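**Student:** give me a 3D structure for the following:
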Amino acid sequence: MAIGFNRNAIFPPHWQHADILAHMPFDSIVTRAVAEDLRSHLVDGRVDKVVQPAELCIAVLIRAEQANQWLVLSAQAQHAFVRRALGRQTAGFSEPTPFVMLLRKYLEGARLRAVPIGRRSRAPSDI
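**Tutor:** A predicted model of the protein is given here:
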């Protein structure tokens, strides 16, 4: 079964460069820039909500800097990424999956303390 990339579940329709960013390689330079962005905007934020906007994708609502900010994590083979979303994320399924329910159990109410990354790593570590 092929898993499609639902562009509208992740990127708002008015965002011009969504197609380019959806296929941009997530190399070590981009990973480090994303980690710095997450550190500057989300560290010490509280997790308020966890939803699954698409298959193999999780969105976490974090209350930080007196604002709600969405952190979107995708595990799709061709479109894997971690980033802050511009708009509100909604559940893509009528009922949450057991994995989402488990994430809600352990993450809701928790605080994001750090976004560590290895020196030459392409992936954030110990999240």
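**Student:** what about A67, distance to T97?
**Tutor:** Using C-beta to C-beta, to the nearest Å, one gets 28 Å for the distance from A67 to T97. Placement of C-beta: from N, CA and C, glycine included.
**Student:** grab the nearest non-local neighbour of V100.
**Tutor:** Spatial nearest neighbour of V100, excluding adjacent residues (C-beta to C-beta, 6 or more residues apart in numbering): Q52 at 4.9 Å.
**Student:** contacts only, for L112.
**Tutor:** L42, V43, D44, G45, V47, I62, A64 (C-beta atoms under 8 Å, 6 or more residues apart in numbering).
**Student:** and of those residues, the nearest to A114?
**Tutor:** Nearest to A114 among the contacts of L112: V43, at 6.4 Å, using C-beta to C-beta.
**Student:** quick one: neighbours of the closest one, just the number.
**Tutor:** V43 has 15 neighbours, counted by other C-beta atoms under 10 Å.
**Student:** that one against R113, yeah?
**Tutor:** Yes. Using C-beta atoms under 8 Å, V43 is in contact with R113, at 6.9 Å.
**Student:** tell me which helix or strand the closest residue to A110 other than its chain neighbours sits in.
**Tutor:** Excluding the flanking residues, the one nearest A110 by C-beta to C-beta, 6+ apart is V47, at 5.0 Å. Using DSSP states H and E, V47 sits within strand 46-54.
**Student:** report the rounded mean pLDDT for whichever helix or strand comes after that strand.
**Tutor:** Note on strand 46-54: by DSSP H and E, the next helix or strand toward the C-terminus is strand 57-64. For strand 57-64, mean pLDDT rounds to 93.
**Student:** ditto for stretch 86-102
**Tutor:** Mean predicted lDDT for stretch 86-102 stands at 88.
**Student:** many thanks, we can stop here.
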